[in-house]
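**Q** From the sequence below, what's the structure:
(one chain, ligands or ions: 2)
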Amino acid sequence: MYEIQVLSHILGLANCEKVTNFLEEHPGGSQAILRCAGRDATEDFDLIHPAETLKEIESSYLGLCEPQKPKDPPSNLALEEKTDLNTLLNLEEIEEAATKVISKKAWAYYYSASDDKISKLQNTQAYRSIMLRPRIFVDCRACDLEMTILGHRVGLPLFVSPTAMARLGHSTGEAGIAQGCRPFNALQIIANNSSVSPEDVVAGATPGQIFGWQLYVQLNRKSSEDMLARVDRLDQIKFIVLTLDAPVSGKREDDERINIQASSTGSVSAQLFAGTDPSLTWADTLKWLSKHTKKPVVLKGIQTHEDALLATQYAPFVKAIVLSNHGGRSLDTAPPAVHTLLEIQAYCPDVFKRVEVWVDGGIRRGTDVIKALCLGARCVGIGRAALWGLAAGGAEGVERTLKSKSDLKVCDLALIIISQ
Ligand code: HEM
Ligand SMILES: Cc1cc2nc3c(=O)[nH]c(=O)nc-3n(C[C@H](O)[C@H](O)[C@H](O)COP(=O)(O)O)c2cc1C
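**A** Numbering: from 1, shown residues only. Ligands and ions are numbered 1, 2, ... in the order given. Below you'll find the predicted structure:
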């Protein structure tokens with residue numbers, strides 16, 4: 001028999017839960033819980049699970065117990081020293097500022113990528129190896145970045161890709177990202193493993209602000225079906241993004257290293273993937289999904305033109321694809337999205353007419369965005385950059401990430417050039 005204390009400050013209560021009966025069902029795997037045995041599990045629990053999670057295991061409630069004082073601040077929650085965001089000129093500097101304030105665990109989870117990080121590096125390098133061809137005598141006064149994504153008006157051709165566990169980096173978590181997106185009316189995709197519930201992320205949305213919800217199909221299908229039903233009820237969420245490039249967790253050694261020191265149960269990533277179903281196929285999965293959502297579907301993690309073409313066979317249920325190698329976190333040496341864009345241009349350009357093609361991975365500059373758009377992408381996602389912004393300065397840091405003034409000027413210029 002194991003007794004595990006789970007103190008929930010998020011509920012404003014000090015709950016003590018006995019979770020023995022629940023161990024085998026835990027989507028994060030039993031080990032994730034067992035390593036907290038006999039001690040205050042607040043930090044482990046709190047950073048990963050949305051507030052309402054404890055209600056789901058209320059039957060295990062034993063009684064009240066005294067919260068233990070955390071030895072170290074779990075992340076920058078207690079640090080929240082003000083970084084002067086205006087002094088941060090680009091994404092490198094925002095990442096540097098974030099690295100100074102977040103916990104080692106958060107840094108390792110956010111920064112890490114698979115094996116030798118070749119795909120992560122190439123994601124950025126690929127854009128740098130493409131040169132722009134600027135045209136002259138173009139009237140540059142009218143600069144408008146507004147556009148539509150799946151028919152919904154947004155302020156930028158830039159969206160926030162789904163990333164798990166934003167509260168690891170900042171107390172406001174995914175809700176802080178939503179707030180940072182607001183001034184730009186930018187699309188945010190909420191991760192399946194979001195540390196804030198989708199209801200709470202969209203709660204403060206302005207009229208017209210839109211979201212997607214990303215799905216990892218769980219081995220426990222019923223839990224995915226229940227989540228899809230919840231998400232169906234949220235009008236601000238316009239589509240489901242089914243992630244397909246990570247049937248299992250990549251080997252992320254920065255994440256592993258930091259957790260070997262803390263315990264022997266493996267990386268945060270490995271624990272997060274414990275309940276994910278690795279058996280998805282073209283033949284079965286979309287049929288199943290169509291029965292459990294009324295929203296259109298976006299397939300994330302397309303890495304070859306062959307799969308891009310296959311995806312079009314499922315239009316109009318599938319309305320968009322995201323060319324992505326998961327920020328280099330899944331299969332190392334998988335191609336950068338921009339290479340897949342070029343493949344589609346070369347072998348099956350009709351794909352662009354059948355579904356919207358989005359990309360993410362390695363975006364550092366406005367010029368990277370422009371290159372992707374010039375090559376046929378509808379819009380471009382940022383993953384880590386939004387997390388670093390959030391960690392450096394909460395919602396304002398996310399705003400700063402999306403803004404980066406000089407880059408946008410370059411964006412604007414290049415957008416005008418595209419439209420000629
Ligand atoms: C310390 C005690 C812990 C308790 C009592 C606990 C409890 C729970 C509960 C009740 C759920 C179910 C949510 C649902 O079915 O919708 C859940 C989900 C999950 N937990 Fe934990 N957990 C604990 C620790 C951890 C740790 C340390 C990790 C990983 C580092 C983790 C990772 C996950 C993941 C990935 C999910 C699935 C989230 C989803 O499907 O949206 N858990 N946990
Ligand atoms: C910390 C972190 C967590 C992520 N979690 C998820 C996730 O839960 N679901 C998902 O589909 N992609 C996830 N991704 C991948 C991102 O959606 C995106 O594809 C990737 O970060 C893009 O690369 P970039 O970080 O270079 O912008 C994650 C990426 C990072 C860095």
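**Q** use CA for all of it now, contacts and neighbours both
**A** Will do.
**Q** show me what contacts the residue of the stretch 1-150 of the chain found nearest ligand 1?
**A** Proximity of the stretch 1-150 of the chain to ligand 1 (Cα to the nearest ligand atom) peaks at Gly28, 3.6 Å away. Contacts for Gly28 were tallied using Cα atoms under 8 Å, 6 or more residues apart in numbering; they are 271-275.
**Q** now with 6 Å?
**A** Listed by Cα atoms under 6 Å, 6 or more residues apart in numbering, the contact partners of Gly28 are 271-272, 274-275.
**Q** ok, so of those, who is nearest Thr148?
**A** Leu272 (32.9 Å; Cα to Cα).
**Q** before we move on, what SS does the closest residue to the closest one other than its chain neighbours have?
**A** Setting aside the residues directly before and after it, Leu272 is nearest to Gly28 in space (Cα to Cα, 6 or more residues apart in numbering), at 5.4 Å. Three-state assignment for Gly28 (DSSP: H, G, I helix; E, B strand; the rest coil): coil.
**Q** separation between Gly28 and Ser269?
**A** Distance of Gly28 to Ser269, computed by Cα to Cα, to the nearest Å: 10 Å.
**Q** Same question for Asp44.
**A** As for Asp44, its distance to Ser269 is 13 Å (criterion: Cα to Cα).
**Q** Which one of these two is surrounded by more residues?
**A** Set side by side, Asp44 and Ser269 show more neighbours around Ser269, with 21 against 16, by other Cα atoms under 10 Å.
**Q** Excluding sequence neighbours, find me the nearest residue to the more buried one.
**A** Once flanking residues are discounted, Ser269 sits nearest to Ser249: 6.4 Å by Cα to Cα, 6+ apart.
**Q** What parts of the chain come near ligand 2?
**A** Counting by Cα under 6 Å from any ligand atom, the chain comes close to ligand 2 at 109-110, 161-164, 191-193, 243, 324, 326-327, 360-363, 382-384.
**Q** Let's see that with 5 Å instead.
**A** For the chain, the contact set with ligand 2 under Cα under 5 Å from any ligand atom comprises 110, 161-164, 191, 243, 326-327, 360-362, 382-384.
**Q** out of these, what pair is the most spread apart?
**A** Those two in the residues of the chain next to ligand 2 that are separated most widely, counting by Cα to Cα, are Ala191 and Gly362, at 18.8 Å.
**Q** quick one, which of the two is more surrounded?
**A** More crowded of Ala191 and Gly362, by other Cα under 10 Å: Gly362, with 27 against 24.
**Q** ok, Gln188 touching Phe211?
**A** Yes. Counting by Cα atoms under 6 Å, Gln188 sits close enough to Phe211 to count as a contact (4.9 Å).
**Q** residue ranges for the helices of the stretch 201-350 of the chain, please.
**A** 221-232, 253-262, 268-272, 285-292, 305-312, 337-347 (DSSP state H, counting those that start in this stretch).
**Q** how about the third one, does it reach ligand 1?
**A** Yes. For a cut-off given as Cα under 5 Å from any ligand atom, helix 268-272 has contacts with ligand 1, namely 268, 271-272.
**Q** filter those residues to the buried ones?
**A** Among the residues of helix 268-272 next to ligand 1, the ones that count as buried by 16 or more other Cα atoms under 10 Å are 268, 271-272.
**Q** Same list (the residues of helix 268-272 next to ligand 1) but as TSV, adding distance to Asp226 and pLDDT.
**A** Formatted as TSV, these follow (distance: Cα to Cα, whole Å; pLDDT from 0 to 100):
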residue	distance to Asp226	pLDDT
Val268	24	78
Gln271	21	77
Leu272	19	81
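**Q** Give me the contact list for whichever strand or helix holds Asn123.
**A** Using DSSP states H and E, Asn123 falls within helix 118-128. Helix 118-128 has contacts (Cα under 6 Å, 6+ apart) with 327-328, 332-334, 336, 361-362, 368.
**Q** roughly how far is the longest helix along the chain from the heart of the chain?
**A** Identified as the longest helix of the chain according to DSSP state H is helix 384-403. With Cα atoms, centre = their mean, to the nearest Å as the basis, helix 384-403 stands 13 Å off its chain's centre.
**Q** Show me what it is packed up against.
**A** Counting contacts by 3 or more Cα pairs under 6 Å, 6 or more residues apart in numbering; DSSP states H and E, helix 384-403 packs against helix 91-101, helix 173-181.
**Q** tell me the angle that helix makes with helix 173-181.
**A** Orientation of helix 384-403 against helix 173-181 (axes from the mean of the first three to the mean of the last three Cα atoms, to 10 degrees) gives an angle of 20 degrees.
**Q** can you list contacts of helix 384-403?
**A** With Cα under 6 Å, 6+ apart as the contact definition, helix 384-403 has outside contacts at 95, 97-98, 169-170, 176-177, 179-180.
**Q** which among the residues you listed end up buried?
**A** Neighbour counting by 16+ other Cα under 10 Å classes 95, 97-98, 169-170, 176-177, 179-180 among the contacts of helix 384-403 as buried.
**Q** Let me know the closest of the residues of helix 268-272 next to ligand 1 to Arg153.
**A** Leu272 (33.2 Å).
**Q** for Met165, what are its contacts?
**A** For Met165, the contacting residues are 48, 194-195, by Cα under 6 Å, 6+ apart.
**Q** Try it again at 8 Å.
**A** Shown in contact with Met165 (Cα under 8 Å, 6+ apart): 47-48, 173-174, 193-195.
**Q** repeat for Asn325
**A** 119, 245, 301-303, 331, 334-337, 361.
**Q** re the thing from before, for Leu145, find the nearest of the helices and strands packed on helix 384-403.
**A** Of all the helices and strands packed on helix 384-403, helix 173-181 sits nearest to Leu145, with 14.4 Å by Cα to Cα.
**Q** Show me the contact partners of the helix or strand following that closest one.
**A** Using DSSP H and E, the next helix or strand after helix 173-181 towards the C-terminus is strand 188-190. Residues outside strand 188-190 that contact it (Cα under 8 Å, 6+ apart) are 159-163, 174, 177-178, 181, 198, 201, 210-214, 241.
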